[in-house]
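>>> Give me a model of this one.
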Amino acid sequence: MQKNETASYPDKAKFEKLYKNMSARIASLQQPDGSWHASLLDPESYPVKETSGTGFYCYALLWGLNHGLLDQKTYWPVVKKGWASLNDSVHPNGMLGFVQSIGVAPDSVTSDSTEVYGVGAFLFAGTNKLT
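I've put the predicted structure just below:
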């Protein structure tokens with residue numbers, strides 16, 4: 001779909017509302033350390049941060065900020081806190097820790113848990129900046 005086609009897309013308002021509602025919910029589930037855990041609704045069941053989700057959520061919120069869909073005063077602090085948590089998870093040798101294994105269910109992670117897709121989420125978030 002071309003950019004000019006998205007402006008007249010009949011369900012655009014519906015999807016923007018859905019995105020805003022999801023963003024508010026995700027922001028409300030952020031943990032005090034800035035991360036999101038493997039189980040969003042029961043973070044105590046996996047009490048350690050999980051960096052792939054944190055990276056993807058940071059990216060998604062930044063996307064909304066950069067496209068004027070999210071309020072900067074509300075969401076920029078959430079993104080900054082998430083980004084700080086991601087950076088705190090990088091080892092001196094560059095390895096990103098606390099990445100959940102690929103699977104069908106949440107899993108416990110440690111500082112030494114890593115996966116390529118988690119690094120991708122980290123880089124994805126890091127390639128965006130508030131414009």
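>>> Figure out the helix or strand that the most centrally placed residue in the chain lives in.
Nearest residue to the geometric centre of the chain (Cα atoms, centre = their mean): Tyr57, 1.4 Å. If you go by DSSP states H and E, Tyr57 is part of helix 51-66.
>>> and the closest residue to Leu62 other than its chain neighbours, what is it in contact with?
Distances taken as Cβ to Cβ, 6 or more residues apart in numbering place Asn128 nearest to Leu62, at 4.3 Å, with adjacent residues excluded. Yep, even glycine has a C-beta here, placed from its N, CA and C like the rest. Going by Cβ atoms under 8 Å, 6 or more residues apart in numbering, Asn128 touches 59, 62-63, 66.
>>> and which of those is nearest to Val119?
Distance to Val119, by Cβ to Cβ, is smallest for Tyr59 among those, at 13.2 Å.
>>> Buried by neighbour count, from the contacts of Asn128: which ones?
59, 62 (16 or more other Cβ atoms under 10 Å).
>>> which one of the contacts of Asn128 is nearest Phe124?
Within the contacts of Asn128, the smallest distance to Phe124 is 4.9 Å, found for Tyr59 (Cβ to Cβ).
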